[in-house]
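1. Provide a 3D model corresponding to the input given below.
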Amino acid sequence: MRVLVLGGTREARALAELLVQDGDDVVTSLAGRVARPRLPVGEVRIGGFGGIDGLASHLRDARVDVVVDATHPFAENISGNAAAACERTDVPLVRLERPGWSERADAGAWHWVDDHDEAARVTATLGERPFLTVGRQSLHRFVEPLRDLACVVRVVDPPEIELPTSWTLVQSRGPYTLEHEREAMTGADVLVTKDSGGSHTEAKLDVAAERGVPVVVVRRAGAPEGVSVVRDAAAARAWVRARAAR
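-> Alright, predicted model coming up:
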């Protein structure tokens with residue numbers, strides 16, 4: 001099987017390893033937005049396709065049999081392009097997306113919002129020293145509402161915008177332990193995050209629960225209409241094997 005994995009997550013790396021073991025011809029595509037990404041086994045392609053048209057052309061030219069969209073839960077543009085390109089070319093597509101944090105016992109007490117603009121507005125009413133863990137690409141949505149607050153911003157790569165002088169920038173990459181997050185969140189009175197799911201960055205939620213710190217969480221948009229969703233690499237592998245048997 002010629003499998004195109006739209007990657008960038010640990011689930012994508014786990015899936016690539018499984019499919020290579022099965023003998024599939026696997027290409028993992030990375031958007032190239034993160035410096036020094038963790039690379040999966042198999043062939044790796046870095047850079048975009050040029051929108052829906054470019055991806056559709058690639059699927060035809062490379063004779064891709066199936067596509068697994070294993071991008072980040074908030075990579076909405078890429079997921080939308082994949083759905084449209086696969087529908088156009090009649091290439092089977094599945095979405096591999098790890099479960100979110102909504103099933104946690106404390107999730108009902110969080111401030112759930114629909115987008116980053118709402119997250120910024122709500123955060124401004126809750127505290128003076130927010131801990132922002134929303135990724136560098138969304139930071140511009142928080143600048144004006146939180147300009148005068150003592151925000152601590154944690155990102156993997158440097159932001160592309162100038163941050164307010166009252167903000168503190170921290171660059172690091174998970175996974176994070178409970179002890180690490182207790183230190184990182186010293187003095188924080190609001191936690192702002194996205195419903196990314198998984199265990200690598202979940203410890204901050206445990207610390208917030210320990211300390212009674214309010215949590216603002218941006219909801220996921222969900223998979224594009226009509227696209228099936230699996231929750232782990234093993235299920236995605238089974239989906240690929242089922243297509244191979246047809």
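
2. buried residues in the top helix by length along the chain?
-> In the chain, assigned by DSSP state H, the helix with the most residues is helix 76-89. If you call a residue buried by 16 or more other C-beta atoms under 10 Å, then helix 76-89 has these buried ones: 78-86, 89. C-beta here means a position set from N, CA and C on the backbone, and glycine is covered the same way.

3. before we move on, what about stretch 185-195?
-> For stretch 185-195, by 16+ other C-beta under 10 Å, it's 185, 188-195.

4. run through the protein and note the low-pLDDT ranges.
-> 33-35 (pLDDT under 70).

5. can you pull out the helices in it?
-> Under DSSP H, the chain gives helices at 10-21, 51-61, 76-89, 116-123, 143-146, 178-184, 203-211, 233-244.

6. nearest to Ala109, out of those helices?
-> helix 203-211 (8.7 Å; C-beta to C-beta).

7. wait, isn't His200 in contact with Thr177?
-> No - using C-beta atoms under 8 Å, His200 is not in contact with Thr177; the gap is 10.4 Å.

8. tell me which of the two has more neighbours.
-> His200 (14 against 10; other C-beta atoms under 10 Å).

9. any idea how far the more buried one lies from Ala236?
-> 19 Å (C-beta to C-beta, to the nearest Å).

10. and for Ala242?
-> Counting by C-beta to C-beta, the gap from Ala242 to Ala236 is 11 Å.

11. neighbour count for these two, which is higher?
-> Ala236 (28 against 12).

12. contact partners for that one?
-> Counting by C-beta atoms under 8 Å, 6 or more residues apart in numbering, Ala236 makes contact with 11, 15, 68, 70, 94, 96, 230.

13. hang on, the earlier thing: any chance of the helices of the chain in JSON lines, with distance to Pro164 too?
-> Shown next, in JSON lines, are the helices of the chain (distance: least, C-beta to C-beta, whole Å):
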{"stretch": "helix 10-21", "distance to Pro164": "32"}
{"stretch": "helix 51-61", "distance to Pro164": "34"}
{"stretch": "helix 76-89", "distance to Pro164": "27"}
{"stretch": "helix 116-123", "distance to Pro164": "13"}
{"stretch": "helix 143-146", "distance to Pro164": "6"}
{"stretch": "helix 178-184", "distance to Pro164": "20"}
{"stretch": "helix 203-211", "distance to Pro164": "22"}
{"stretch": "helix 233-244", "distance to Pro164": "40"}
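
14. closest one to Arg104 among those helices?
-> Closest among the helices of the chain, using C-beta to C-beta: helix 203-211, at 6.8 Å.

15. who's in contact with the nearest residue to Leu59 once chain neighbours are set aside?
-> Nearest non-adjacent residue to Leu59, counting by C-beta to C-beta, 6 or more residues apart in numbering: Thr89, 4.7 Å away. Thr89 sits next to 56, 59-60 when contact means C-beta under 8 Å, 6+ apart.

16. for Ile161, same thing?
-> Contacts of Ile161 by C-beta under 8 Å, 6+ apart are 139-140, 143.
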